[in-house]
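A.B. asks: Just to be clear, the model below is a prediction. Sequence and coordinates:
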Amino acid sequence: MTLNGSQPGKLFGFCKVHKYGYPLRPVVSMSGTAKYDLAQYLDEFIKPNIPRSCMVNSTSQFLDRLKGYIFLATDVMVSFDVT
């Protein structure tokens, strides 16, 4: 892994056509940035060490797994929005 030069991330927006006023959902593409290669390296290093049973590839796969789970009264579900 070598640093040959980088560029800043690219900011663009996806239109939310289902909402009033058609607001944009901001998206930042990190391809070509200095941290992109590091992220790819870490992904290749970490993924083989996580059991496949702990991973999901889509929202529908997550929901399918969730349907098969029996929740107890003391269970709490948490969602983190990382920025």
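C.D. replies: Nice, I can see it.

A.B. asks: which secondary structure element contains P26?
C.D. replies: strand 24-29 (DSSP states H and E).

A.B. asks: which is the next helix or strand following that strand?
C.D. replies: In N-to-C order, the element after strand 24-29 by DSSP H and E is helix 34-46.

A.B. asks: give me phi/psi at the closest residue to L24 other than its chain neighbours?
C.D. replies: Using C-beta to C-beta, 6 or more residues apart in numbering and skipping residues adjacent in sequence, the residue nearest L24 is G13, 3.1 Å away. Quick note: C-beta positions are derived from backbone N, CA and C, even for glycine. Phi and psi for G13, reported as degrees, to the nearest 10, are phi -130, psi 150.

A.B. asks: So what sits opposite G13 in the bridge?
C.D. replies: P26 (DSSP bridges).

A.B. asks: That one against R25, yeah?
C.D. replies: Yes. With contact defined as C-beta atoms under 8 Å, G13 counts as touching R25 (6.2 Å).

A.B. asks: what touches both of the two?
C.D. replies: When C-beta atoms under 8 Å, 6 or more residues apart in numbering defines a contact, no residue borders G13 and R25 alike.

A.B. asks: where in this structure is pLDDT low?
C.D. replies: 1-5, 82-83 (pLDDT under 70).

A.B. asks: hmm, back to that, can you tell me which residues contact the residue nearest to L24?
C.D. replies: L24, R25, P26, V27.

A.B. asks: hmm, try it at 10 Å
C.D. replies: By C-beta atoms under 10 Å, 6 or more residues apart in numbering, the contact list for G13 reads P23, L24, R25, P26, V27.

A.B. asks: Please consider this matter closed, and thank you.
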